[in-house]
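Undergrad: kindly return the folded structure for what I paste below:
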Amino acid sequence: ECGRTYRAKIFLDCTYEGDLMAMSGVTYQVGREAAEQYKEIYNGVQFGTEHHKFECWVDPYKEQGNRDSGLLFGIQKCKEYETNGSADYRIQAYNFRVCLTTELANQVAFFKPPSYDASHYELLLRYIEQGYWDSLKLNTPLPNNKTDLNNFGGFSTDFIGINHQFPHASFEERQQIYEQHVNYVMGLLYFLSHDNRLPAYVREDTLKFGLAKDEFQETYHFPPQLYIRE
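TA: From the prediction side, this is the model:
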(Lines give C-alpha, C1' and ligand atoms only; values in the text may rest on other atoms or scores of the structure.)
Protein backbone atom coordinates (compact mmCIF):
# COMPACT_ATOMS: atom_id res chain seq x y z
CA GLU A 1 0.00 0.00 0.00
CA CYS A 2 2.91 2.35 0.67
CA GLY A 3 4.45 1.71 -2.76
CA ARG A 4 7.51 -0.17 -1.54
CA THR A 5 8.72 -3.46 -3.04
CA TYR A 6 10.11 -6.25 -0.85
CA ARG A 7 12.25 -9.15 -2.01
CA ALA A 8 13.02 -12.26 0.01
CA LYS A 9 13.63 -15.99 -0.40
CA ILE A 10 10.57 -16.84 1.72
CA PHE A 11 7.41 -14.95 2.64
CA LEU A 12 5.01 -16.10 5.36
CA ASP A 13 1.36 -15.23 4.81
CA CYS A 14 0.21 -14.27 8.30
CA THR A 15 -2.98 -12.56 7.14
CA TYR A 16 -6.29 -14.04 8.26
CA GLU A 17 -7.62 -13.98 4.70
CA GLY A 18 -4.62 -15.31 2.77
CA ASP A 19 -4.19 -12.00 0.94
CA LEU A 20 -0.43 -12.30 0.45
CA MET A 21 -0.84 -15.64 -1.31
CA ALA A 22 -3.59 -14.26 -3.52
CA MET A 23 -1.56 -11.18 -4.45
CA SER A 24 1.49 -13.31 -5.25
CA GLY A 25 -0.40 -15.20 -7.93
CA VAL A 26 -1.22 -18.46 -6.13
CA THR A 27 -4.26 -20.08 -7.74
CA TYR A 28 -7.39 -20.29 -5.65
CA GLN A 29 -11.12 -20.88 -5.88
CA VAL A 30 -13.87 -18.55 -4.64
CA GLY A 31 -17.25 -20.20 -4.31
CA ARG A 32 -18.21 -23.85 -4.52
CA GLU A 33 -17.19 -26.11 -7.37
CA ALA A 34 -19.81 -28.46 -8.71
CA ALA A 35 -19.91 -31.81 -6.93
CA GLU A 36 -19.32 -33.49 -10.28
CA GLN A 37 -16.02 -31.68 -10.88
CA TYR A 38 -14.07 -33.66 -8.28
CA LYS A 39 -16.62 -36.47 -7.75
CA GLU A 40 -17.55 -35.12 -4.32
CA ILE A 41 -20.82 -35.54 -2.44
CA TYR A 42 -21.11 -32.32 -0.46
CA ASN A 43 -19.74 -29.69 -2.82
CA GLY A 44 -21.77 -27.11 -4.72
CA VAL A 45 -25.30 -25.98 -3.87
CA GLN A 46 -26.80 -28.05 -1.06
CA PHE A 47 -30.53 -28.29 -0.40
CA GLY A 48 -32.02 -30.10 2.59
CA THR A 49 -28.82 -30.32 4.64
CA GLU A 50 -28.82 -31.40 8.28
CA HIS A 51 -27.39 -28.23 9.85
CA HIS A 52 -28.20 -24.52 9.98
CA LYS A 53 -31.75 -24.94 8.74
CA PHE A 54 -35.23 -23.86 9.79
CA GLU A 55 -37.08 -26.55 11.71
CA CYS A 56 -40.47 -25.40 10.47
CA TRP A 57 -42.03 -23.44 7.62
CA VAL A 58 -42.01 -19.65 8.08
CA ASP A 59 -43.90 -17.26 5.81
CA PRO A 60 -41.19 -15.44 3.79
CA TYR A 61 -43.24 -12.49 2.51
CA LYS A 62 -43.33 -8.98 3.91
CA GLU A 63 -47.10 -9.27 4.14
CA GLN A 64 -47.76 -12.81 5.25
CA GLY A 65 -49.43 -14.81 2.50
CA ASN A 66 -48.94 -12.07 -0.11
CA ARG A 67 -46.35 -13.04 -2.72
CA ASP A 68 -46.61 -9.63 -4.36
CA SER A 69 -45.41 -7.85 -1.20
CA GLY A 70 -41.83 -9.07 -1.71
CA LEU A 71 -39.48 -11.18 0.38
CA LEU A 72 -38.39 -10.37 3.91
CA PHE A 73 -34.89 -9.03 4.50
CA GLY A 74 -32.29 -11.79 4.34
CA ILE A 75 -34.17 -14.13 1.99
CA GLN A 76 -32.63 -14.68 -1.43
CA LYS A 77 -34.22 -16.38 -4.41
CA CYS A 78 -32.42 -19.35 -5.90
CA LYS A 79 -31.40 -19.02 -9.53
CA GLU A 80 -33.26 -21.16 -12.06
CA TYR A 81 -30.08 -23.07 -12.93
CA GLU A 82 -29.23 -23.94 -9.30
CA THR A 83 -29.69 -27.60 -8.56
CA ASN A 84 -28.29 -29.80 -5.82
CA GLY A 85 -24.54 -30.10 -6.34
CA SER A 86 -24.27 -27.34 -8.94
CA ALA A 87 -21.43 -24.79 -8.82
CA ASP A 88 -22.05 -21.29 -7.47
CA TYR A 89 -20.30 -18.11 -6.35
CA ARG A 90 -21.20 -18.33 -2.64
CA ILE A 91 -18.78 -18.53 0.27
CA GLN A 92 -19.47 -19.56 3.85
CA ALA A 93 -21.12 -16.78 5.86
CA TYR A 94 -19.12 -14.55 8.21
CA ASN A 95 -20.02 -13.43 11.71
CA PHE A 96 -18.35 -12.29 14.94
CA ARG A 97 -17.36 -14.68 17.72
CA VAL A 98 -18.73 -12.48 20.49
CA CYS A 99 -17.42 -12.87 24.04
CA LEU A 100 -20.40 -12.67 26.43
CA THR A 101 -20.58 -12.96 30.20
CA THR A 102 -23.19 -13.76 32.83
CA GLU A 103 -21.13 -11.97 35.52
CA LEU A 104 -23.25 -8.92 36.33
CA ALA A 105 -20.32 -6.89 37.66
CA ASN A 106 -18.44 -7.45 34.40
CA GLN A 107 -21.31 -6.84 31.96
CA VAL A 108 -21.80 -4.10 29.39
CA ALA A 109 -25.42 -3.97 28.22
CA PHE A 110 -26.25 -4.70 24.59
CA PHE A 111 -26.57 -1.37 22.81
CA LYS A 112 -28.39 -0.27 19.67
CA PRO A 113 -25.89 -0.03 16.78
CA PRO A 114 -25.77 3.05 14.52
CA SER A 115 -27.74 1.54 11.62
CA TYR A 116 -30.20 -0.59 13.59
CA ASP A 117 -33.23 -1.77 11.63
CA ALA A 118 -35.67 -4.06 13.44
CA SER A 119 -37.15 -5.23 10.12
CA HIS A 120 -33.90 -7.12 9.46
CA TYR A 121 -34.98 -9.58 12.16
CA GLU A 122 -38.63 -10.05 11.13
CA LEU A 123 -37.88 -13.55 9.83
CA LEU A 124 -36.37 -14.46 13.19
CA LEU A 125 -39.38 -13.03 15.01
CA ARG A 126 -41.73 -15.25 13.01
CA TYR A 127 -39.50 -18.28 13.62
CA ILE A 128 -39.55 -17.68 17.37
CA GLU A 129 -43.32 -17.19 17.27
CA GLN A 130 -43.50 -20.73 15.84
CA GLY A 131 -41.82 -21.95 19.02
CA TYR A 132 -38.18 -22.20 17.93
CA TRP A 133 -35.73 -20.26 20.10
CA ASP A 134 -32.18 -21.37 19.34
CA SER A 135 -30.33 -18.32 17.96
CA LEU A 136 -27.95 -18.12 20.94
CA LYS A 137 -27.76 -21.88 21.55
CA LEU A 138 -24.13 -22.24 20.45
CA ASN A 139 -22.77 -20.28 23.41
CA THR A 140 -19.69 -22.26 24.42
CA PRO A 141 -18.64 -21.84 28.10
CA LEU A 142 -15.29 -20.16 28.80
CA PRO A 143 -13.49 -19.50 32.11
CA ASN A 144 -14.65 -16.68 34.42
CA ASN A 145 -18.37 -16.96 33.55
CA LYS A 146 -17.78 -16.04 29.91
CA THR A 147 -19.01 -17.65 26.72
CA ASP A 148 -18.03 -17.77 23.05
CA LEU A 149 -21.11 -17.04 20.91
CA ASN A 150 -21.27 -18.59 17.44
CA ASN A 151 -23.92 -19.26 14.80
CA PHE A 152 -26.57 -21.95 15.30
CA GLY A 153 -29.67 -23.10 13.44
CA GLY A 154 -31.65 -21.30 10.76
CA PHE A 155 -31.24 -17.69 11.93
CA SER A 156 -28.40 -16.59 14.15
CA THR A 157 -25.19 -14.53 14.06
CA ASP A 158 -24.20 -15.42 10.47
CA PHE A 159 -24.99 -12.50 8.14
CA ILE A 160 -25.87 -14.71 5.20
CA GLY A 161 -25.12 -13.51 1.67
CA ILE A 162 -23.49 -10.19 2.57
CA ASN A 163 -19.87 -11.34 2.28
CA HIS A 164 -19.79 -12.77 -1.24
CA GLN A 165 -17.71 -9.88 -2.60
CA PHE A 166 -15.25 -9.86 0.31
CA PRO A 167 -12.39 -11.98 -1.16
CA HIS A 168 -11.90 -9.70 -4.18
CA ALA A 169 -12.99 -6.44 -2.53
CA SER A 170 -10.72 -3.46 -1.93
CA PHE A 171 -9.74 -2.67 1.65
CA GLU A 172 -12.27 0.17 1.66
CA GLU A 173 -15.02 -2.15 0.44
CA ARG A 174 -14.04 -4.75 3.03
CA GLN A 175 -14.37 -2.11 5.75
CA GLN A 176 -17.93 -1.45 4.60
CA ILE A 177 -18.73 -5.18 4.74
CA TYR A 178 -17.13 -5.32 8.20
CA GLU A 179 -19.33 -2.47 9.44
CA GLN A 180 -22.43 -4.14 8.00
CA HIS A 181 -21.61 -7.23 10.04
CA VAL A 182 -21.07 -5.18 13.21
CA ASN A 183 -24.48 -3.58 12.79
CA TYR A 184 -26.12 -6.91 12.06
CA VAL A 185 -24.66 -8.93 14.96
CA MET A 186 -24.92 -6.14 17.53
CA GLY A 187 -28.40 -5.39 16.20
CA LEU A 188 -29.36 -9.03 16.65
CA LEU A 189 -28.34 -8.97 20.33
CA TYR A 190 -30.16 -5.69 20.86
CA PHE A 191 -33.27 -7.01 19.10
CA LEU A 192 -33.37 -10.22 21.15
CA SER A 193 -33.00 -8.31 24.42
CA HIS A 194 -35.24 -5.29 23.74
CA ASP A 195 -37.97 -5.90 21.15
CA ASN A 196 -41.31 -6.10 22.96
CA ARG A 197 -42.88 -8.22 20.21
CA LEU A 198 -40.74 -11.13 21.35
CA PRO A 199 -41.93 -13.50 24.09
CA ALA A 200 -40.75 -12.40 27.53
CA TYR A 201 -38.71 -15.57 28.03
CA VAL A 202 -36.59 -14.80 24.94
CA ARG A 203 -35.72 -11.32 26.21
CA GLU A 204 -35.05 -12.69 29.69
CA ASP A 205 -32.76 -15.44 28.34
CA THR A 206 -30.82 -12.90 26.29
CA LEU A 207 -30.53 -10.39 29.13
CA LYS A 208 -28.73 -12.97 31.26
CA PHE A 209 -25.75 -12.07 29.09
CA GLY A 210 -23.85 -8.90 28.32
CA LEU A 211 -20.64 -7.94 26.59
CA ALA A 212 -17.59 -8.60 28.76
CA LYS A 213 -16.36 -5.32 30.23
CA ASP A 214 -12.76 -6.56 30.46
CA GLU A 215 -12.58 -7.76 26.83
CA PHE A 216 -11.89 -5.71 23.66
CA GLN A 217 -11.89 -2.43 25.54
CA GLU A 218 -10.57 -0.45 22.57
CA THR A 219 -13.54 -1.51 20.38
CA TYR A 220 -16.44 -1.03 22.83
CA HIS A 221 -16.11 -4.63 24.09
CA PHE A 222 -16.97 -6.01 20.65
CA PRO A 223 -14.36 -8.20 18.88
CA PRO A 224 -12.35 -6.25 16.29
CA GLN A 225 -11.80 -9.27 14.05
CA LEU A 226 -14.52 -10.36 11.64
CA TYR A 227 -14.77 -14.16 11.54
CA ILE A 228 -13.48 -14.85 8.01
CA ARG A 229 -14.27 -18.49 7.35
CA GLU A 230 -12.28 -20.43 4.80
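
Undergrad: give me the spatial nearest neighbour of Gly31, chain neighbours excluded.
TA: In space, not counting the residues next to it along the chain, Gly31 is nearest to Tyr89; the distance is 4.3 Å by C-beta to C-beta, 6 or more residues apart in numbering. Heads up, the C-betas are built off the backbone N, CA and C, glycines and all.

Undergrad: so the one you found sits right up against His164, yeah?
TA: Yes: when contacts are counted by C-beta atoms under 8 Å, Tyr89 is listed as touching His164 (6.2 Å).

Undergrad: of these two, give the one with the bigger neighbour count.
TA: More crowded of Tyr89 and His164, by other C-beta atoms under 10 Å: His164, with 17 against 9.

Undergrad: need the pLDDT of that one.
TA: Reading off the per-residue confidence, His164 sits at a pLDDT of 94.

Undergrad: can you tell me the SS state at it?
TA: Assigned state for His164: coil (three-state reduction, DSSP: H, G, I helix; E, B strand; the rest coil).

Undergrad: contacts only, for it.
TA: By C-beta atoms under 8 Å, 6 or more residues apart in numbering, the residues touching His164 are 89-91.

Undergrad: could I get the phi/psi values of it?
TA: Per-residue torsions, His164: phi -60, psi -30 (degrees, to the nearest 10).

Undergrad: any idea how far Cys2 is from it?
TA: Between His164 and Cys2 the distance is 29 Å, computed by C-beta to C-beta, to the nearest Å.

Undergrad: kindly report the same for Ser86.
TA: Noted for Ser86: a distance of 43 Å to Cys2, by C-beta to C-beta.

Undergrad: tell me which of these two has more neighbours.
TA: Set side by side, Ser86 and Cys2 give different neighbour counts by other C-beta under 10 Å, the larger being at Ser86 (17 against 3).

Undergrad: which SS state does the more buried one fall under?
TA: When the structure is split into helix, strand and coil by three-state DSSP, Ser86 lands in coil.

Undergrad: tally up the residues packed near the spatially closest residue to Thr83 that is not a sequence neighbour, please.
TA: Once flanking residues are discounted, Thr83 sits nearest to Val45: 6.8 Å by C-beta to C-beta, 6+ apart. Using other C-beta under 10 Å, the number of residues around Val45 comes to 18.
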